[in-house]
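1. Turn this into a structure:
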Amino acid sequence: MIRSMTAFASGKGALGPHSWTWELRSVNGKGLDLRLRMPDWLSGLEAALRAELSKSLSRGNVTLSLRLSKDETAPDLMLNETAMSAVLDALVRTQQLASARDVTLAPSSAAELLSLKGMLDAGSDIDDPAPLVAHLVVEFKDVLSDFIQMRESEGQALFRVLGGQLDQVASLTDQAADLAEQRKDKMAEALRENLSRVLDNAQGVEPDRVAQELALLAVKADITEEVDRLKAHVSAARDLLAQDVAVGRKLDFLMQEFNREANTLCSKAQSADLTSVGLELKAVIDQMREQVQNVE
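-> Okay, the predicted model is just below:
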C-alpha cells in the first residue's frame, strides 16, 4: 500500500530533571531531505536519529525538533561519601561509648543522616549526556512509529482517490475509442474528399507522393495507438499502487506519459465530441498528477 509524504507526530517525555517535547513533520519532496534540530550538547543523538529516519523513509522534506528543558529548581544531588563515612564512624564510636556506660541510644535513620549538613552536594553543572541520549533514541522509535502510521493512513486515502481517478481515465478512454469508431464513416468520407482534391491538383506529381500524403492524413486521424497506450498506463498505475514500496517517482513519470497521450488524442480529435472527451481526460490526469506529488 502506498504511503503519503505528508504526516505529523509528536511526543513528550522526561528523565530525571530533564523533560522534552518531540515534533516530527514532513511534506512532499523530490528526495529525502532530513532537517534535525537537536541540542548541541547531546553528543551522538542527531546521528542516531538521522539513521533511524533514513531506514524508515524514502522521500519527503522531513523536520524533526527536540525541545529539551531542565528543572533548575531541583538540581541533581550527589552523596558526599567522605562526609558520610566520617559520620558513620562517629556514630559507631558514639554507640560504643554509650554502651560502655549503659546508655541506650535511639537508632538513627538514613533520612536523618542524609539531612545532616554536607551529606548531599549539588551535582556538577555538566551532565554526562550518554544515559539521556540512549533513552531518547529508544523513545524516538515510538514517535517514528506514530509518524509512519499517519503516512500509511494518508496513503490509504490517496489510494482511494487515485483509484477513482484511474477509473475515470479508463472510462473516458473507452468513450474516446467508441467515438473514434463512430466517426469512421465520416472520416472515410473526409478522406475521399481529400483524395479527390489531391488528385485534382496532382498533375505531374508522383503517384508514390500522393499515396504518402494520403497515408499521412489517415495516421493523423487515427487514435488507436493513443487509446491503447492510455489503457496500458492505467494498468501500470494500478500495479504500482498495489506495491508495498515507494513508487511516487514512478507514478510521477507515468503521469507525464498519461498527459502526452491525452494531448496527442486532442490534436487528432477532428470532432467536437472527441475533443471534449480529450479535454476531460487532461483535466482528470492533471488532478491525478497533483495527488501523485504526495505519494512517497
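
2. what's the longest helix in the chain?
-> The longest helix of the chain (DSSP state H) is helix 130-182.

3. Can you tell me which helices and strands that helix packs against?
-> For helix 130-182, the packing partners by 3 or more C-beta pairs under 8 Å, 6 or more residues apart in numbering; DSSP states H and E come out as strand 7-15, strand 18-27, helix 45-56, helix 224-241, helix 272-292. Glycine gets a C-beta too; all of them are placed from N, C-alpha and C.

4. Who are the packing partners of the longest one?
-> For helix 272-292, the elements it packs on are helix 130-182, helix 248-268, judged by 3+ C-beta pairs under 8 Å, 6+ apart.

5. Reformat those as JSON lines; add mean neighbour count.
-> Output for those, formatted as JSON lines (neighbours: other C-beta atoms under 10 Å):
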{"stretch": "helix 130-182", "mean neighbour count": "17"}
{"stretch": "helix 248-268", "mean neighbour count": "18"}
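
6. ok, back up a step: indicate which one of the helices and strands packed on helix 130-182 is closest to L97.
-> strand 7-15 (45.6 Å; C-beta to C-beta).

7. returning to what we had before: nearest to L68, of the helices and strands packed on helix 130-182?
-> strand 18-27 (4.2 Å).

8. Give me the residues contacting the closest one.
-> 5-14, 57, 60-71, 132, 136, 139-140, 143-144, 147, 151 (C-beta atoms under 8 Å, 6 or more residues apart in numbering).

9. ok, now stretch 91-109?
-> Contacting residues not belonging to stretch 91-109 are listed as L113 [C-beta under 8 Å, 6+ apart].

10. ok, back up a step: now distance to D89 too, for the helices and strands packed on helix 272-292, in a markdown table please.
-> Converted to a markdown table, these look like this (distance: least, C-beta to C-beta, whole Å):
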| stretch | distance to D89 |
| --- | --- |
| helix 130-182 | 33 |
| helix 248-268 | 72 |
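
11. For the ones you listed, give me JSON lines that also has mean pLDDT and distance to M84.
-> Formatted as JSON lines, the helices and strands packed on helix 272-292 follow (pLDDT from 0 to 100; distance: least, C-beta to C-beta, whole Å):
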{"stretch": "helix 130-182", "mean pLDDT": "95", "distance to M84": "24"}
{"stretch": "helix 248-268", "mean pLDDT": "95", "distance to M84": "63"}
